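Visitor: pasting the structure only:
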C-alpha cells in the first residue's frame, strides 16, 4: 500500500509559477513511477506528466510540454511538479499517483496508476 499526499496548491496569477509536491512515507515509494494528473470542473482526469522510479525518465502530456517540469526529490521519497507560465486553463485539482505494477512506460492513462493522493487545488487568476 502506498499513501500519497499532495501539497503546494493555491492561487496564482496567470504567468506565474507554482511547485506541487507529492510525498509518501512508504519504503517502496522508490519502486514506483509517479504521475501527475489534473481534473478541472466538469471535465475528465487529464494526464500531465510522469517520472520513473529512479527519476531518470520523464514524459509529458500536451498541457505540460514546455511549461511544466516533473522530478523526484533527492531522497526519492517525494516528487514534484514545477509549473511555469500558468494560465487560467491550468485551473484544476492536481493529483499525484503511483503506477500499477505491470503498467508499461510511459504510463499516461489513469488506469495505469493504482494509488492516488487526495489532490491539491490550483487556481490561476487572469
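Guide: Sure thing, it's come through. In this text the structure is predicted, and so the values were computed from the model without any measurement. Residues are numbered from 1 along each chain as shown.
Visitor: which stretches of the chain form helices?
Guide: For the chain, helices defined by DSSP state H do not occur.
Visitor: where does it have low pLDDT?
Guide: The model of the chain has pLDDT under 70 over residues 75-76.
Visitor: what about 90?
Guide: 1-2, 24-31, 53-56, 73-77, 101 (pLDDT under 90).
Visitor: what's across from the residue nearest to the spatial centre of it in the sheet?
Guide: Centroid-nearest residue in the chain: residue 36, 2.1 Å away (criterion: Cα atoms, centre = their mean). The residues listed as beta-bridge partners of residue 36 by DSSP bridges are residue 49, residue 96.
Visitor: how close does it get to residue 18?
Guide: According to Cβ to Cβ, to the nearest Å, residue 36 stands 12 Å off from residue 18. Where C-beta positions appear, they are placed from N, C-alpha and C, glycine not excepted.
Visitor: cool, residue 8 as well?
Guide: As judged by Cβ to Cβ, residue 8 and residue 18 stand 7 Å apart.
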